[in-house]
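Engineer: I would like to see how this sequence folds:
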Amino acid sequence: MADTVYTPDALAQSMIDMGNHARKASATLAKAGEAGRTNAIRAMAQALEAAEADILAANERDLQGGKEKGLAPAMMDRLALTPERLSGIADALRQVADLPDPVGSEIARWTVPSGLDIARVRTPLGVIGIIYEARPNVTADAAALCIRSGNAAILRAGSESLNSAIAIADALRTGLKNAGLPADAVQLVPTKDRAAVGHMLTGLDGQLDVIVPRGGKSLVERVQKEARVPVIGHLEGLCHIYVDAAADPQKAVDITVNAKMRRTGICGAAETLLIDKAVATDLLPVIASALIDAGCSLKGDAAAQALVATMETASEEDWRTEYLAPVISVRVVDGPQGAIEHISQYGTGHTECIITENAETAERFLSDIDAGIVMHNASTQFADGGEFGMGAEIGIATGRIHARGPVGAEQLTIFKYVVRGTGQTRP
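Structural biologist: You can find the predicted model right below:
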C-alpha cells in the first residue's frame, strides 16, 4: 500500500514542511502569468495521460481494498477509474486550461471625488488545503483549479483512494516540472494517518489560507467545527425535484428519472420527489413506474402510497437522508408553497429543481428557494462545475460566505483594492 507511516513528531514536521514549500511555490505561481499557468495545466494533462498504466494499476489496488472493506456500491463507483474516466479527467484539465485566467482581472473600477482611481482586482487566496474522500478525480480537478487561480494546493485524499491519488498527484507534479513551475505547487499528504487532517485544520503555522472539505457529512462537520482557518464547505446534497401542477408530463418523467438514476452516487442526484396534489393522481403513478423500471426504490408519505401500492413508508428520517443510492423519497404537497416549505425545512442548500410550464410559478420558486443552485426544467445532475462551463470544480459550496454553488477557479480568488493617485493628500 502507498502509505507512509510517521511518528507523531515526524508527521507534525512533515506537515509544516509541506506548508512552507506550498507557500514558496504559491509566490512563484502567482507571478507565472496567465500563459505560464495555462501551459502548466496542459502539461499536467499530458503527464496524466502518459501515466495511465501506473494510475489504473494503483486504482485497482484501491478497488481491491474497497471490496475487502465492503464499501457500498455508490462508494465503489466514485472510487473506480477506467481509461475512459481517466481520459475525461485529462480533458477536464484542458478545459480548465482554456478558461479565462482570473488572476489580475478587474471586478470593478471607479473614480472618487478626490480624483483617486480605485480598482477591485482578483488575487489568489494563496495556499488551499483540500480534504476529500473516495474520489480520485478530485486530485486532478482540485490541482488544476488551484493552478488556474494562482494557488498552491495541499491535498489530503481519503484512505480508500490513497493509491490512486498518489499516482495522479505524481503525474501532475511531473507536468508542473515539465512546464518549469515548482512541483510543490501541488502536494499530496502521503499517509492514511488521520492526525494529518488535524494538522491541516490548525493552519500549518499560518501557511494554509483556506480549507475545502469534500466528502461525507461527518468529515465536513469536523472540518467546520475544528478548523482555525476559513472553510469553503459542502455539507450534503439533499436535492429535491418539485413537479408542479403545470408540469409537462413527459418532462416530469424524463427529468426525474435522470436526476435520480443517471448516477445515484453523486451529490447532484435527486433524493426527494415532491409533487403537487393537483396532478399527483394522474402523474405520480407514471413517474413512479418509470423510476421502478430504472431500478429505483420509492418511499412515500400516506398520500403517495395511496397512489402507488408498492411504495414503502417514508419515515421522518427519510426526508433528511442523502441516499446516494437508487432510493428516492416521495411526498405529495399543496402546490408550490408546500414544496417551498418542505425544502426550507429539509434542504441542505445544494440544488433544487422545479418542473413547470408556468413561468410565474417558476420564477417564484427560483426566487424563494435558498440554495446554491436552483433549476427550472433541468436535471439536478447538471449541478456540476464542468456543466457550468467551469471546466471542473472542487465542490458545491452550500454556505453563504465567499463562494456558493460550484467552486471553480474564480471562486478560489479573493480581491484587493488597487488605488492610483496623482499626488492627493487627505485634508
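Engineer: where does the nearest residue to residue 357 once chain neighbours are set aside land on pLDDT?
Structural biologist: Leaving aside its chain neighbours, residue 357 sits nearest to residue 246 (4.9 Å; criterion: Cβ to Cβ, 6 or more residues apart in numbering). Where C-beta positions appear, they are placed from N, C-alpha and C, glycine not excepted. The model reports residue 246 with a pLDDT of 98.
Engineer: One more: residue 398?
Structural biologist: The model reports residue 398 with a pLDDT of 81.
Engineer: Disregarding residues adjacent in the polypeptide, which is nearest to it?
Structural biologist: That would be residue 349: by Cβ to Cβ, 6+ apart, it lies 4.0 Å from residue 398.
Engineer: Name the nearest residue to residue 178, sequence neighbours excluded.
Structural biologist: Nearest-residue entry for residue 178: residue 43, 4.8 Å, with adjacent residues in sequence omitted and distances by Cβ to Cβ, 6+ apart.
Engineer: Pretty sure the one you found sits against residue 176.
Structural biologist: Yes: if you go by Cβ atoms under 8 Å, residue 43 and residue 176 touch, sitting 7.1 Å apart.
Engineer: Past the helix or strand hosting residue 62, which element shows up next along the chain?
Structural biologist: According to DSSP states H and E, residue 62 maps onto helix 52-69. Following helix 52-69 in sequence order, the next helix or strand is helix 73-79 (DSSP H and E).
Engineer: For that following helix, buried residues please.
Structural biologist: 74-76, 78-79 (16 or more other Cβ atoms under 10 Å).
Engineer: Looking at those, spot the one nearest residue 129.
Structural biologist: residue 78 (20.8 Å; Cβ to Cβ).
Engineer: tell me the pLDDT at that closest one?
Structural biologist: pLDDT, residue 78: 83.
Engineer: How about the contacts made by it?
Structural biologist: 133-135, 265-266 (Cβ atoms under 8 Å, 6 or more residues apart in numbering).
Engineer: Could you report the distance from it to residue 217?
Structural biologist: Per Cβ to Cβ, to the nearest Å, residue 78 is found 15 Å from residue 217.
Engineer: just residue 402 next, same as before
Structural biologist: Distance from residue 402 to residue 217, by Cβ to Cβ: 21 Å.
Engineer: out of the two, which sits in the busier spot?
Structural biologist: Neighbours per residue (other Cβ atoms under 10 Å) separate residue 402 from residue 217, with residue 402 holding more: 15 against 11.
Engineer: now that one, what's its secondary structure?
Structural biologist: Remark: residue 402 carries the secondary structure label coil [criterion: DSSP: H, G, I helix; E, B strand; the rest coil].
Engineer: Pretty sure it sits against residue 233.
Structural biologist: No: if you go by Cβ under 8 Å, residue 402 and residue 233 don't touch, sitting 10.2 Å apart.
Engineer: For the spatially closest residue to residue 376 that is not a sequence neighbour, give me its contacts.
Structural biologist: For residue 376, ignoring the flanking residues on the chain, the nearest one in space by Cβ to Cβ, 6+ apart is residue 362 at 4.5 Å. Neighbour list for residue 362: 354, 356, 376-377 [criterion: Cβ under 8 Å, 6+ apart].
Engineer: Check residue 56 too.
Structural biologist: Residue 56 sits in contact with 81-83, 86, where contact means Cβ under 8 Å, 6+ apart.
Engineer: rerun that using 7 Å as the cut-off
Structural biologist: Contact partners of residue 56, counting by Cβ atoms under 7 Å, 6 or more residues apart in numbering, are 81, 86.
Engineer: mind checking how far it is from residue 140?
Structural biologist: Residue 56 is 14 Å from residue 140, by Cβ to Cβ.
Engineer: any weak-confidence spans in the protein?
Structural biologist: For the chain, applying pLDDT under 70 flags the ranges 1, 235, 391.
Engineer: Regarding it, what is its longest helix?
Structural biologist: Using DSSP state H, we find that the single longest helix of the chain is helix 8-30.
Engineer: same for that one, what does it pack against?
Structural biologist: With contacts taken as 3 or more Cβ pairs under 7 Å, 6 or more residues apart in numbering; DSSP states H and E, helix 8-30 sits against strand 127-132, strand 152-156, strand 186-188, helix 195-202.
Engineer: and the angle from the second one to helix 8-30?
Structural biologist: Using axes from the mean of the first three to the mean of the last three Cα atoms, to 10 degrees, the interaxial angle of strand 152-156 with respect to helix 8-30 works out to 150 degrees.
Engineer: Sheet partners, orientation included, of strand 152-156?
Structural biologist: The pairing partners recorded for strand 152-156 under DSSP bridges are strand 127-132 (parallel), strand 186-188 (parallel).
Engineer: residues of the very next helix or strand once past that strand that come out buried?
Structural biologist: Note on strand 152-156: by DSSP H and E, the next helix or strand toward the C-terminus is helix 162-178. Going by neighbour count (16+ other Cβ under 10 Å), the buried part of helix 162-178 is 162-176, 178.
Engineer: If you compare the directions of helix 162-178 and strand 127-132, what angle comes out?
Structural biologist: Here helix 162-178 points in a direction 150 degrees away from that of strand 127-132 (the same axes, to 10 degrees).
Engineer: other SSEs contacting helix 162-178?
Structural biologist: Here helix 162-178 touches helix 33-50, helix 52-69, helix 136-148, strand 186-188, going by 3+ Cβ pairs under 7 Å, 6+ apart.
Engineer: buried set for the second one?
Structural biologist: By neighbour count on 16+ other Cβ under 10 Å, the buried set for helix 52-69 is 52, 55-56, 58-59, 62-63, 65-66.
Engineer: Helices along the stretch 151-300 of the chain, start to end?
Structural biologist: Applying DSSP state H, counting those that start in this stretch to the stretch 151-300 of the chain gives helices spanning 162-178, 195-202, 217-226, 249-261, 277-293.
Engineer: Out of those helices, the one nearest residue 113 is which?
Structural biologist: Nearest of the helices of the stretch 151-300 of the chain to residue 113, taken as Cβ to Cβ: helix 217-226 at 42.9 Å.
Engineer: would a markdown table of the buried residues of helix 52-69 with distance to residue 238 be doable?
Structural biologist: Converted to a markdown table, the buried residues of helix 52-69 look like this (distance: Cβ to Cβ, whole Å):
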| residue | distance to residue 238 |
| --- | --- |
| 52 | 36 |
| 55 | 32 |
| 56 | 33 |
| 58 | 33 |
| 59 | 29 |
| 62 | 28 |
| 63 | 28 |
| 65 | 29 |
| 66 | 25 |
